[in-house]
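Engineer: Compute the structure for the input listed below.
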Amino acid sequence: MNTSTPRVFIAATRQNDGKTTTSLGLLAALQKSFPRVGYIKPVGQRFVEIEENKIDEDTVLMDRVYQLNCPLTAMSPIAIEPDFTRKYLQASNNEALIRKIQKAFDRVAWEKDFVLCEGSGHAGVGSVFDLSNAQVAKVLGAKVIIVSQGGIGKPIDEVSLNQALFKQEGVEVIGVILNKVLPDKIDYITEFARRGLKRKGLDLLGVLPYQPSLSSPTIQLVQEELSPEMLHQGGPVTSIIRSIVVGAMSPKNATKHFKDGALLITPGDRDDLIIAAAAWASESHGDKLSGLLLTGGIKPKNGVLDLVRRMPFPVLLAKEETYQVASRVHDLPVKTRPSDSEKISLIRDIIAKHVDVDRIVKAL
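Structural biologist: Next up, the predicted model:
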């Protein structure tokens, strides 16, 4: 396997700590030092089917944003299907999986100056089929950066657990990036987290400020996860949902919560609220809802439906009741999509400003 091309492995202390966000921004930052950067996610758990191949979602994101000029099957060699673990435990084929990862890395690294490797969670994820992140990093001969959520005590405790497993596999952790830190606490967190990590022999490589929009879903994500019917597409489905308003009150009280980027969720027979949303949109001087999500599988009656079809934002219809729909939207796992140009631009800026890329390069 290629051992000469520089590489780094991005891990995290848990799900949704910002590993993919960091990888997305870091790839752009690394291109300033290494014009040709490759990417691989050796083991993926959320995948889509492309030309009969199962490709990790994050790999699709990276390829579409950066046009990496490499087969998707090389950048995403192993996809964990629902019965993958059962099959592995019945008939272990670890050597074949390792060879597949090594061969994929060689293809990804071909004619590249640097390879960014993204893990699938904390150091132990994948242990059940002998491909934990720590084991995969060892196979790739990569040093590791751990991404954790903001704070001091809890993230350092969790980083220490992960560091121990990487160390057990003989893998070096070069530093930590803290994510989702409240802007007014950045200086405080930076000072004391750096002190705490130094006692563990680790560098603090960056502190990323919390950006609500990066943790907020879009109408497109609601479409993908809830599969509602599109009654009217009066605006971009990439609009960020900045707040949720559940229509379980009078129009007078509901409109107090209307603001730019709000998603109104209400039964399809609440004509009064639908009319109030249309009226607010026409009088809001540029602000508009991100969308209107009707529930209960109830389409508005014809006169109101005509009004719906003139609204300046998407209007969707879900079969479930209001409480179920609102709960599902609230709990949606937010992942950056290739079409989220506003989020991607923000991510690049944050990483460039708040991560010491030169320090990473020197450590490798």
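
Engineer: Is it correct that H257 is in contact with V245?
Structural biologist: Yes - judged on CB atoms under 8 Å, H257 makes contact with V245 at a distance of 4.6 Å. To be clear about C-beta, it is placed using only N, CA and C from the backbone, and glycine gets the same treatment.

Engineer: Can you pick out the residue with more neighbours from the two?
Structural biologist: Set H257 next to V245 and count neighbours by other CB atoms under 10 Å: V245 wins out with 22 against 14.

Engineer: element containing that one, please.
Structural biologist: Using DSSP states H and E, V245 maps to strand 243-246.

Engineer: What segments of the stretch 51-200 of the chain are helices?
Structural biologist: Using DSSP state H, counting those that start in this stretch, the helices found in the stretch 51-200 of the chain span residues 57-66, 72-75, 84-90, 94-109, 133-140, 153-168, 186-198.

Engineer: The strand holding V245 - what's its average pLDDT?
Structural biologist: Averaging pLDDT along strand 243-246 yields 95.

Engineer: now do stretch 112-129
Structural biologist: Mean predicted confidence for stretch 112-129 is 95.

Engineer: can you give me the end-to-end distance of it?
Structural biologist: End-to-end distance of stretch 112-129 (CA to CA, to the nearest Å): 30 Å.

Engineer: okay, and for this protein, where does confidence drop off?
Structural biologist: Residue ranges of the chain with pLDDT under 70: 285.

Engineer: tell me the residue furthest from the middle of it?
Structural biologist: The outermost residue of the chain, judged against the average C-alpha position, is G303 (40.6 Å), by CA atoms, centre = their mean.

Engineer: can you tell me how far it sits from I274?
Structural biologist: Noted for G303: a distance of 11 Å to I274, by CB to CB, to the nearest Å.

Engineer: Pretty sure D287 sits against R242.
Structural biologist: No - between D287 and R242 there is no contact, the gap being 10.8 Å when judged by CB under 8 Å.

Engineer: okay, and the common contacts of these two?
Structural biologist: Common contacts of D287 and R242, defined by CB atoms under 8 Å, 6 or more residues apart in numbering, comprise K259, D260.

Engineer: I'd like the next helix or strand past the helix or strand hosting A281.
Structural biologist: According to DSSP H and E, A281 maps onto helix 271-283. Toward the C-terminus, helix 271-283 is succeeded by strand 291-295 as the next helix or strand (DSSP H and E).

Engineer: Mind giving me the packing neighbours of the following helix or strand past that following strand?
Structural biologist: Next along the chain after strand 291-295, taking DSSP H and E as the criterion, comes helix 302-308. In terms of contacts (3 or more CB pairs under 8 Å, 6 or more residues apart in numbering; DSSP states H and E), helix 302-308 is packed against strand 229-233, helix 271-283.

Engineer: Go through helix 302-308 and flag the buried ones.
Structural biologist: Residues V304, L307, V308 are the ones in helix 302-308 that count as buried (16 or more other CB atoms under 10 Å).

Engineer: How about stretch 143-150?
Structural biologist: K143, V144, I145, I146, V147, S148, Q149, G150.

Engineer: and if you look at stretch 60-80?
Structural biologist: Buried residues in stretch 60-80, counted by 16+ other CB under 10 Å: 60-63, 65, 68, 70, 72-80.

Engineer: Kindly report the same for stretch 196-205.
Structural biologist: Across stretch 196-205, burial judged by 16+ other CB under 10 Å covers G196, L197, L202, D203, L204, L205.

Engineer: E49: which of those residues is nearest?
Structural biologist: L205 (35.7 Å; CB to CB).

Engineer: Surely that closest one is in a strand?
Structural biologist: Yes - if the criterion is DSSP: H, G, I helix; E, B strand; the rest coil, then L205 is within a strand.

Engineer: and it, what does it touch?
Structural biologist: By CB under 8 Å, 6+ apart, the neighbours of L205 are I145, I174, G175, V176, I177, V355, D356, R359, I360.

Engineer: swap in P71?
Structural biologist: By CB under 8 Å, 6+ apart, the contact set of P71 is R107.

Engineer: do the same with S160
Structural biologist: K200.

Engineer: about what we covered before: off-centre distance for the strand holding V245?
Structural biologist: 22 Å (CA atoms, centre = their mean, to the nearest Å).
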